[in-house]
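Trainee: Here's my sequence, what's the structure:
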Amino acid sequence: GVRMVDRERLWTILATEAVYLIWKLRCERVIQNEGREFTNAEIENKWFATINRRLALDRWATAPFLEKKAKDPEEVEATWSVILENTNCLPPNWV
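Mentor: Below you'll find the model as predicted:
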């Protein structure tokens with residue numbers, strides 16, 4: 001079949017962020033919280049914060065002052081629009 005590059009890129013982002021978050025949660029639980037388990041709400045909040053930070057980073061990486069190193073805004077939009085809610089309410093140049 002045809003490769004879906006944008007979805008592959010998103011999958012890579014989500015998988016790596018998830019693995020890193022799991023590692024961070026384990027370290028925090030063992031070292032800071034003396035073994036206390038996280039609640040589902042805490043885990044969900046940390047996940048959404050992680051993904052929101054990554055989206056913000058990708059948006060920032062499209063800044064014109066980065067010149068040649070800047071990411072393509074269309075690439076960022078194509079990557080993230082799959083999982084964003086209410087994309088019809090976003091302004092035209094939300095990236």
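Trainee: Quick one: list the elements packing against the one helix or strand in the chain whose mean pLDDT sits lowest.
Mentor: Every helix and strand of the chain was ranked by mean pLDDT, DSSP states H and E. The lowest is helix 73-80, at a mean of 94. Where contact means 3 or more C-beta pairs under 8 Å, 6 or more residues apart in numbering; DSSP states H and E, helix 73-80 is packed against helix 5-27, helix 40-60. (C-beta placed from N, C-alpha, C; glycine too.)
Trainee: give me the number of residues near residue 64?
Mentor: Residue 64 is flanked by 7 other residues according to other C-beta atoms under 10 Å.
Trainee: Go ahead and confirm it touches residue 70.
Mentor: Yes. With contact defined as C-beta atoms under 8 Å, residue 64 counts as touching residue 70 (6.6 Å).
Trainee: which one in this protein is furthest away from the centre?
Mentor: residue 34 (28.6 Å; C-alpha atoms, centre = their mean).
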